[in-house]
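Participant: Give me a model of this one.
(2 chains)
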Amino acid sequence: MIRLTVNGTVHELEVPAYRTLLDCLRYDLGLTGSKEGCGVGVCGACTVLLDGKMISSCIALAGFADGRSVTTVEGLAQDERLHPVQQAFVDAGGFQCGICTPGQVVSAKALLDANPNPTEAEIKEWMVGNLCRCTGYYKIVESIRSAAQRSRA
Amino acid sequence: MNDFDYRSPRSLDEALAILGEYGEDARVVAGGTALVTMMRQRLVQPRCLVSLRDVQGLGRIEANGGLRLGALVTHRDAEVSPLVQERIPVLAETFRRVATVRIRHMATIGGALAHGDPNQDPPVTLLALGATVNIRSARAAREVPLTEFFRDYYETALEPGELVTAVTVPAPPARSGAAFLKFLPRTADDYATVAAAAIVTLERDGVRCREARIALGSVGVTPLRATSAEALLGGQPLGESLLQAAGEAAKTAVDPLTDHRGSAAYKREMTAVMVGRVLGQAWEAARRSAQARP
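Facilitator: You can find the predicted model right below:
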């Protein structure tokens, strides 16, 4: 039995030891926002926050999160109101097909939580490893910059 | 992934007892970035996974003359630690160059050493700095110099029942400087084609080399010291021809594999280039240090 707090809700689950955190979120809890891309911790599509720190949930076992707090992309919006990072991705066109977007958004939120006023170099260094295969990275960086500005305003 | 017993001991003694019980059938897991990935690829199929997550006391960074980094210190912890940044800046910089922030939040120092992957960055700098690995089993504690720790591709001196508890890094001597470089022709989070670290200590004259240590990654079955290059440096002043000679000598220490990061011949040539560069940077840092505090 493991106990996960996911986006503020406590879940007690019986899962096999080999269950990854990503599969647990997607298949046991139905939170399909986090995606499996590479499955080896490289692409960033499965990025979630574990006790506030971004990790690759595809190479974390669900057991690693026992007793801890997980934030997924589903936990960012408040009711109908998008998180400032999500709104900025919409407004600045920070995505095309969308499969990398949950990971991009969660990583960007983690960045702004740690550093509300990042330089472009800091944004790029932080976002290394959140791969986008369609649109390139300019608009993603732009989205994050504009989210930072908006959060300061 | 195969099914396995998952154990989360709360103390080191408890962890060691479980390891003793399962022997070769147990694997220790900390951040999981290496082991869980290998398990997903079915390269490793342990009967028991011993998670160190809840073991207290292995996550500290302490000054003890040099530094003692607990096995559960993450790469990110080491990168952002003011203590590491101040005492041994090259070490903080090396951790900053590993993979991505996301992976650095997960991957631990002890895990990286126990993994024994010759493509990792921290072992290279730790080798150059003369680090030692602290190891425990249920029966004994021992300390192994990093030069004797790496045995072969993904093989270390760790015996079944043993685990890494810490790595100890001596304080860099007076009039010394260090540098770490990795050559990345593909992406910033990739393994290096060649990684190189060096520490140079100067004589009192602030000009001639007293001692230098050079270490390399991704160019053999283990991270390795380029002792053939080091041997050329004692008593010598820095010069372009010396850097070149050291680079050439380092080529004899390496045995790289051809892969998508470069052919073996290319990596051997790049070894010479990277050794020359890293040595030049370390030497320059040593000279600044000697000028500031002769």
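
Participant: can I see the domain layout of chain B?
Facilitator: Using automatic domain parsing, the domain parsing of chain B gives B:5-51, B:61-169, B:176-292.

Participant: Briefly note if the second one comes near chain A.
Facilitator: Going back to what we said before, that points to domain B:61-169. Yes - interface with chain A: domain B:61-169 contributes B:Arg76, B:Ala99, B:Thr100, B:Val101, B:Arg102, B:Ile103, B:His105, B:Met106 (CB under 8 Å from any CB of the partner chain). In this view, the C-beta of every residue, glycine as well, is placed from N, C-alpha and C.

Participant: so can I have CSV of the domains of chain B showing distance to A:Glu122?
Facilitator: Putting the domains of chain B into CSV (distance: least, CB to CB, whole Å) gives the following:
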stretch, distance to A:Glu122
domain B:5-51, 23
domain B:61-169, 11
domain B:176-292, 14
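
Participant: Among those domains, which comes closest to A:Asp23?
Facilitator: Nearest to A:Asp23, of all the domains of chain B, is domain B:5-51, at 10.7 Å by CB to CB.

Participant: For chain A, give me the ranges with low pLDDT.
Facilitator: A:153 (pLDDT under 70).

Participant: Near chain B, which residues of it are found?
Facilitator: So chain A meets chain B at A:16-18, A:20, A:39-42, A:44, A:47, A:53-56, A:58-61, A:63-64, A:66, A:107, A:125-126, A:128-129 (CB under 8 Å from any CB).

Participant: thinking again about what came up before, for the residues of domain B:61-169 next to chain A, which single residue is the most surrounded?
Facilitator: With neighbours defined as other CB atoms under 10 Å in any protein chain shown, the most crowded of the residues of domain B:61-169 next to chain A is B:Arg102; it has 32 neighbours.

Participant: Smallest distance to chain A belongs to which residue of chain B?
Facilitator: Across chain B, the shortest distance to chain A (CB to the nearest CB) belongs to B:Thr100, at 3.1 Å.

Participant: re the thing from before, restricted to buried residues, select the residues of chain A next to chain B in PyMOL.
Facilitator: If you want just the buried ones from the residues of chain A next to chain B in PyMOL, going by 16 or more other CB atoms under 10 Å in any protein chain shown, the selection is:
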select buried, chain A and resi 17+18+20+39+41+42+44+47+53+54+55+56+58+59+60+61+63+64+66+107+126+128+129
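
Participant: now, which of the residues of chain A next to chain B lie within strands?
Facilitator: Of the residues of chain A next to chain B, the ones assigned to strands by DSSP state E are A:Thr47, A:Lys53, A:Met54, A:Ile55, A:Ser56.

Participant: Could you say which helix or strand holds the nearest residue to the second one once chain neighbours are set aside?
Facilitator: Meaning A:Lys53. Leaving aside its sequence neighbours, A:Lys53 sits nearest to B:His105 (CB to CB, 6 or more residues apart in numbering or on different chains; 4.6 Å). Using DSSP states H and E, B:His105 falls within helix B:101-106.

Participant: and the longest helix anywhere in chain B, what other elements does it pack with?
Facilitator: Counting residues, the longest helix found in chain B (DSSP state H) is helix B:264-292. Judged by 3 or more CB pairs under 8 Å, 6 or more residues apart in numbering or on different chains; DSSP states H and E, the packing partners of helix B:264-292 are strand B:176-183, strand B:194-202, strand B:209-217, helix B:240-251.

Participant: With mean pLDDT, mean neighbour count and distance to B:Ala272 added, can I get those in a markdown table?
Facilitator: Shown next, in a markdown table, are the helices and strands packed on helix B:264-292 (pLDDT from 0 to 100; neighbours: other CB atoms under 10 Å in any protein chain shown; distance: least, CB to CB, whole Å):
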| stretch | mean pLDDT | mean neighbour count | distance to B:Ala272 |
| --- | --- | --- | --- |
| strand B:176-183 | 98 | 23 | 12 |
| strand B:194-202 | 98 | 29 | 9 |
| strand B:209-217 | 98 | 24 | 11 |
| helix B:240-251 | 97 | 19 | 3 |
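
Participant: Report how many residues lie close to B:Gly239.
Facilitator: Neighbour number of B:Gly239 under other CB under 10 Å is 10.

Participant: Kindly provide the distance from A:Glu14 to chain B.
Facilitator: Distance, A:Glu14 to chain B, using CB to the nearest CB, to the nearest Å: 13 Å.

Participant: Tell me the backbone dihedrals of that residue, please.
Facilitator: Backbone torsions of A:Glu14, given as degrees, to the nearest 10, read phi -100, psi 110.

Participant: OK, contacts around it?
Facilitator: A:Met1 (CB atoms under 8 Å, 6 or more residues apart in numbering or on different chains).
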